[in-house]
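Colleague: 3D model of this:
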Amino acid sequence: MRSFVASAKRADTRWHVIDANGKVLGRVATVTVRLLQGKHKATYTPFIDTGDHVVIVNVATVKLTGRKEEQKIYRHHSGYAGGLREERASVVRKRQPVRLLEHAVRGMLPKSKLGDAMYRKLKVYAGQDHPHEAQQPTPYEVA
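Modeller: Residues are numbered from 1 along each chain as shown. Prediction:
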């Protein structure tokens, strides 16, 4: 009996839309990563991109539990000596709310070319509107 191995050409990709309004950041991120990797499908293959496209809306109103709003720190280094920049989650939410979820999802994906391909299928928007209605995304509920 032969083993089944999915191919990237024959993988059927779907579009999902997730409403993050009032949802916890980590729960939205884990569900998103599962969809991007394709682990929700029976044809999941670890070394082939069989995942779906994910659109996330209302990221500006996502919840952070506990005291993470004041204590969580996002770091970025420019590459130059002394180029470390640090910002609290409350500042990042005001300036770039999309970055909160993008950072969480990117950290959960594989650090490889395959992970980069999965990350490109993620579309995040701070408000309710998104330009992907033509793809007819199906709503996906996060607990």
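
Colleague: distance of the residue nearest the centre of the chain from Leu114?
Modeller: Nearest to the geometric centre of the chain sits Val105, at 4.0 Å (Cα atoms, centre = their mean). Going from Val105 to Leu114 by Cβ to Cβ, to the nearest Å gives 15 Å. Yep, even glycine has a C-beta here, placed from its N, CA and C like the rest.

Colleague: equivalent analysis for Lys68, please.
Modeller: 30 Å.

Colleague: check Val54 too.
Modeller: 16 Å.

Colleague: same check on Ala89?
Modeller: Ala89 is 29 Å from Leu114, by Cβ to Cβ.

Colleague: what are the phi and psi values at the closest residue to Gly83 other than its chain neighbours?
Modeller: With sequence-adjacent residues excluded and distances taken as Cβ to Cβ, 6 or more residues apart in numbering, Gly83 is closest to His77, at 5.4 Å. Here is the backbone geometry of His77 (degrees, to the nearest 10): phi -120, psi 130.

Colleague: I'm done for today, thanks for sticking with me.
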